[in-house]
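Chemist: Next input, structure requested:
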Amino acid sequence: MYFANISNVLIDIDGSGNLDVMKNLTARAKVDDALMNNAGYYETVSILDGERPDLLSKRLYNVETYHWTFLLLNPQIKNIWDDWP
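Modeler: Next comes the predicted model:
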């Protein structure tokens, strides 16, 4: 399910001319800079001690599946293990 929205690409892995269908893991989403720089779209949220992105998503949106939005909208979080509060 996680990879369902990632596009496929055709790649000749071994140079034989046979193309294999693979997920394009280099694809990424980006929020428009005009939105990122507009403070009107943001709300300050306190992260509880030990709270992971999926738990924060559950607390704010009542579903765990929006965990990725915090990472997308906070570009300073490059490594979840080191940069997550």
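
Chemist: Give me the distance between the least confident helix or strand in the chain by mean pLDDT and the centre of its chain.
Modeler: Here the helix or strand of the chain ranked lowest by mean pLDDT, DSSP states H and E is helix 33-36, holding a mean of 78. Put simply, helix 33-36 sits 17 Å off its chain's centre (Cα atoms, centre = their mean, to the nearest Å).

Chemist: got it, and stretch 14-29?
Modeler: 20 Å.

Chemist: What mean pLDDT does it get?
Modeler: Average pLDDT, stretch 14-29: 86.

Chemist: Name the residues that touch that stretch?
Modeler: In this structure, residues lying in contact with stretch 14-29 by Cβ atoms under 8 Å, 6 or more residues apart in numbering are 3, 6-13, 72. From N, CA and C alone the C-beta is placed, and that goes for glycine too.

Chemist: shaky segments in the protein?
Modeler: Where the chain drops to pLDDT under 70, the residues are 1-2.

Chemist: For the spatially most central residue of it, list the residues it contacts.
Modeler: Central residue of the chain (Cα atoms, centre = their mean): Trp68, 3.9 Å from the mean position. Contact analysis of Trp68 by Cβ under 8 Å, 6+ apart lists Pro53.

Chemist: Ser57: how many residues sit nearby?
Modeler: For Ser57, the neighbour count with other Cβ atoms under 10 Å is 19.

Chemist: hang on, it packs against Leu71?
Modeler: No - if you go by Cβ atoms under 8 Å, Ser57 and Leu71 don't touch, sitting 10.8 Å apart.

Chemist: Looks to me like Met22 is in a strand.
Modeler: Yes - according to DSSP: H, G, I helix; E, B strand; the rest coil, the state of Met22 is that of a strand.

Chemist: For Val9, see how far away it is.
Modeler: Per Cβ to Cβ, to the nearest Å, Met22 is found 6 Å from Val9.

Chemist: Those two - which one has more neighbours?
Modeler: Higher neighbour count among Met22 and Val9: Val9, with 14 against 11, using other Cβ under 10 Å.

Chemist: what about that one, helix or strand, and which?
Modeler: strand 8-11 (DSSP states H and E).
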